[in-house]
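Student: How does the following fold in three dimensions:
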Amino acid sequence: MPQNQTIRQIRGEFCIETRPQPCALVIFGASGDLTRRKLIPSLYHLFQRKLLSRNFYILGCARTPLDDAAFRSQCREGLARESGGGSGQDRGGFLERCYYLAGDYDKPEFYQQIAARLTELDQAYQSGENHLFYLATPPNLDTTIAWQLGRATLTKEFPGGPWRRVVLEKPLGRDLESALALDDHLHAVLAERQIYRIDHYLGKETVQNLLMLRFANAIFEPIWNRRYIDHVQITVAENLGIEHRAGYFEQAGTLRDMFQNHMLQMLSLVAMEPPASFDANRVRDEKVKLLRSIRPFPTDPAQLEQIFVRGQYGAGTQGVPATPSYREEPGVAPDSPVETFVACELRVDNWRWQGVPFYLRTGKRLAAKASQIAIVFKAVPHSMFQPIESEDLAPNVLVLNVQPNEGASLTLQAKHPGPKLCMSSLTMDFTYSEVFGEDPPEAYERLLLDCMLGDPTLFVRSDDMEVSWALITPLLETWRAQGEAGRIDPYPPGSWGPAAADALLARDGRQWLQP
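Tutor: Predicted coordinates for the structure are as follows:
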């Protein structure tokens, strides 16, 4: 067994975890919210679990004028709020690996200073000069930072030499044209293998579990198709509003913010064909094939409204403390047509899924914060339990809870104690916290570790991004052409969205499964 691998095999459990090579993590936007709430706590947990190399260090870079001591103090405060414990010795050992450099992202001199500091710290930590650059910055800075890194030869790789990788946060473009332009800029200084486009939903345990649930269990694959599955529902609900992000959200909207990335990524894992192996490119090949199979949306507005619902939350008047409507949020135009909710019916045109509808919905200010994937199976073709008819029997439903309370449940029919003919639905539940005695790791822990290991399985490849934007861009153009005249349904905060979203399923005799 390699020295950097640990394998645990107990009671049918088979676990392999690999410790990455020595390396440095350079975080641009190190003084920001993402670094404080997610990146530093996730790295600290990896450090606690001994999944970071002993020759690892962090260099934070941002415009905010801080020194090493001030940055470590900021990290310490973030860990106190987010990390959920840990010994003082652990924190001290982690924080002493954190360094900081202030400068302007568009100035070449800043990158020369970064190069000099990396040379100094690489020698001190014997890091092998392996560098991971994380862009925790607004998307408009992606091309600037990537270009300056390339100009300073900080992303240059040589055969047999140290590796250099760059991590990008969403959004990756605003439409197909801008996404392709961003890709061209990135590929001018980076090879595709060096680019890690992060989607934190793919780092969640339940989303990853889809692959093992489907392809490591013989009972699921034979029935994972149009013959046995009636429909699929994917819900990503948030109970908060836009939270002082009006500047971003007025330009993005829910379709760009959630649908084009998180929702389509989860759909591709649910519906893709079995990869030949658990190799990154084999898995991503199948995801792209699935996305290419999604039926294009109609461009005629009347036809589009038959399969797509746009909503916007109103003011809270009942059951919710006084909350402003979306158009009353600070920074939002009083006549804004930007959607805060979308729901749609998708069709996948291939042999496995022909005729099976996929219902997707996501929105803000909904009844609860919850994400789930529900596989609803077809009713039994005939009931032998007369006078109970087959249509009277609730269908089997497999629900994967992505957040909160990550886990799964399976609903089936069983005899209820009592009379000879007494049947009811029984739900078998599994949660990670109950079964394993601990909450699953934060998604960023998995993704940061995979970046350092050079495993891109859970990251978005260039063609994946292109296909998803090619699907969504005509829809955006249709809505843009409609302007304020386009239909957008209001919904009260604390609800599950507009009535039109319920009607989308009701016309086919179906209904949403509420988390």
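Student: quick one: secondary structure of Ile373?
Tutor: At Ile373 the chain is in strand, as set by DSSP: H, G, I helix; E, B strand; the rest coil.
Student: contacts for the helix or strand Leu505 falls within?
Tutor: Assigned by DSSP states H and E, Leu505 belongs to helix 499-506. When contacts are defined by Cβ atoms under 8 Å, 6 or more residues apart in numbering, helix 499-506 is touched by residues 307, 309, 311, 341, 343-345, 359, 361, 489, 491, 496, 511-512. Heads up, the C-betas are built off the backbone N, CA and C, glycines and all.
Student: Next: stretch 227-237.
Tutor: With Cβ under 8 Å, 6+ apart as the test, stretch 227-237 has contacts from 201, 223, 258, 262-263, 266-267, 270-271, 356-363, 366-379, 395, 402, 496, 510, 512-513, 515.
Student: Filter those down to the buried ones.
Tutor: 201, 258, 262-263, 266-267, 270-271, 356-363, 366-367, 370-379, 395, 402, 496, 510, 512, 515 (16 or more other Cβ atoms under 10 Å).
Student: Restricted to helices, list these.
Tutor: Using DSSP state H, the subset of these located in helices is 266-267, 270-271.
Student: now those as CSV including distance to Ala501 and pLDDT?
Tutor: Below are those laid out as CSV (distance: Cβ to Cβ, whole Å; pLDDT from 0 to 100):
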residue, distance to Ala501, pLDDT
Met266, 18, 92
Leu267, 17, 95
Val270, 20, 94
Ala271, 21, 96
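Student: Sort out which one of these lies nearest Leu79 for me.
Tutor: Met266 (30.3 Å; Cβ to Cβ).
Student: quick one: that closest one from Ala280, how far?
Tutor: 18 Å (Cβ to Cβ, to the nearest Å).
Student: one step back: keeping just the C-alphas, turn the helix holding Leu505 into CSV.
Tutor: Once non-C-alpha atoms are left out, helix 499-506 reads as follows in CSV (Å, rounded to 0.1, in the frame of the first residue of the first chain):
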residue,chain,number,x,y,z
ALA,A,499,-49.4,28.0,-8.0
ALA,A,500,-48.3,27.5,-11.6
ALA,A,501,-45.5,25.3,-10.4
ASP,A,502,-48.1,23.0,-8.8
ALA,A,503,-50.2,23.1,-12.0
LEU,A,504,-47.1,22.0,-14.0
LEU,A,505,-47.3,18.5,-12.4
ALA,A,506,-51.1,18.5,-11.6
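Student: buried sites along the one helix or strand Ala124 maps to?
Tutor: In the assignment (DSSP H and E), Ala124 maps to helix 108-125. Neighbour-count burial for helix 108-125, counted by 16+ other Cβ under 10 Å, picks out 110-111, 113-114, 117-118, 121-122, 125.
Student: For it, name the packing helices and strands.
Tutor: strand 23-28, strand 56-62, strand 98-102, helix 142-151 (3 or more Cβ pairs under 8 Å, 6 or more residues apart in numbering; DSSP states H and E).
Student: tell me the two of the buried residues of helix 108-125 that are most distant?
Tutor: Phe110 and Tyr125 (21.8 Å).
Student: quick revisit: so which of the buried residues of helix 108-125 comes closest to Pro159?
Tutor: Nearest to Pro159 among these, with distances taken as Cβ to Cβ, is Asp122, at 19.6 Å.
Student: Quick one, grab the pLDDT at that closest one.
Tutor: Note on Asp122: pLDDT of 96.
Student: and if you look at Asn140?
Tutor: In this model, Asn140 carries a pLDDT of 89.
Student: for Ser87, same thing?
Tutor: At Ser87, pLDDT is 51.
Student: Also the one 4 residues further on?
Tutor: Reading off the per-residue confidence, Arg91 sits at a pLDDT of 77.
Student: neighbours of it, just the number please.
Tutor: 20 (other Cβ atoms under 10 Å).
Student: What residues does it make contact with?
Tutor: 44, 76, 79 are the contacts of Arg91 under Cβ under 8 Å, 6+ apart.
Student: Just confirm the second one is within a helix.
Tutor: Yes: with the criterion set as three-state DSSP, the secondary structure at Arg76 is a helix.
Student: residues touching Ser325, list them.
Tutor: 312-315, 490.
Student: closest to Leu59 among these?
Tutor: Tyr313 (41.1 Å).
Student: didn't that closest one look like it was pressed against Gly494?
Tutor: No: the pair Tyr313 / Gly494 is not scored as a contact, 9.2 Å apart, by Cβ atoms under 8 Å.
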